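A.B. asks: Generate a structure from the sequence data that follows.
(4 chains)
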2 protein chains.
Amino acid sequence: MPRGDLLGSLEYIVLLALVRLGPDAYGMTVRREIETRVGRNLSIGAVYATLDRLEAKGYVSSIVGEPTATRGGRAKRHFRIEVAGQRALKASEDAIRSMSAGLKRRWENA
Amino acid sequence: MPRGDLLGSLEYIVLLALVRLGPDAYGMTVRREIETRVGRNLSIGAVYATLDRLEAKGYVSSIVGEPTATRGGRAKRHFRIEVAGQRALKASEDAIRSMSAGLKRRWENA
DNA sequence: GAATTGTTCTACTCGGCAGAACAAATCGCG
DNA sequence: CGCGATTTGTTCTGCCGAGTAGAACAATTC
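C.D. replies: Predicted coordinates for the structure are as follows:
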């Protein structure tokens, strides 16, 4: 087990997507959200793998909903960020913030 | 080769440490900087592994300097962030920013 | 049965981690 | 004043978890 335990980069992005999507968060929408926002096209397998890992850590939870009455509208597995996940998210944010604090100066002229 | 190619989480932190340390950046100082700033104790192996990977990608470069006349002051391997590395850093920053833009609201009450 | 929306499975590579081993310099004691 | 002890620094070994792509599978409506 790692010591500091920060989030992986995809884990981080996925958690943010969950916050952003709220109740509409499930595999496909998470993927779409990231692709359109970040401009990064990732495989659906990567998304679910990450989601599963986050769930195993207790950072997110999932429940399967009811099928919808639209063509192909099968039951979705909805994901929600848990308290532990929010803590992890903040921890990673803080780590980044503390490393980049007061760097603008050195940063611009290069 | 991955499509979007964002940085790993440690890669990100290490690059920031390089910017922060400037000419004083080498294995031991990078480690110390991260440990004190982020409060995460990581092994020296992890640091060098990351640094080597970043160098292989052309994101950083390294040169070995002269030994110093202090006890145990053997030659250091200095690391410097390259232009490609700065681009990668900005790209990751942007990815995070675009995902977290306008999230404060939803964020606080949970 | 065809098309559509969504999830799971398979197989692989790369990133992250710890700690020991190794290397090169100075210090200190006889 | 020489050679082992100490200090600073890097490389090596081995492992496990994260990330990736794409095919397979499932369930629903047209």
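A.B. asks: What residues does chain A have near chain B?
C.D. replies: For chain A, the residues in contact with chain B (C-beta under 8 Å from any C-beta of the partner chain) are A:3-4, A:6-10, A:12-13, A:16-17, A:19-20, A:22, A:34, A:37-42, A:83, A:86, A:92, A:95-96, A:98-100, A:103, A:106-107, A:110. Glycine gets a C-beta too; all of them are placed from N, C-alpha and C.
A.B. asks: which ones among those residues are found in strands?
C.D. replies: Among the residues of chain A next to chain B, DSSP state E puts none in strands.
A.B. asks: By mean pLDDT, which helix or strand of chain A comes out lowest?
C.D. replies: helix A:104-108 (a mean of 56; mean pLDDT, DSSP states H and E).
A.B. asks: one step back: which entries within the residues of chain A next to chain B meet the buried criterion?
C.D. replies: Among the residues of chain A next to chain B, those classed as buried by 16 or more other C-beta atoms under 10 Å in any protein chain shown are A:6-7, A:9-10, A:12-13, A:16-17, A:19-20, A:34, A:37-38, A:40, A:42, A:86, A:92, A:95-96, A:99-100.
A.B. asks: Quickly check: the strand or helix carrying residue A:90 near DNA strand D or not.
C.D. replies: Here residue A:90 sits within helix A:83-100, counting by DSSP states H and E. No: using C-beta under 7 Å from any atom of the strand, we find that helix A:83-100 stays clear of DNA strand D, coming within 10.8 Å at best.
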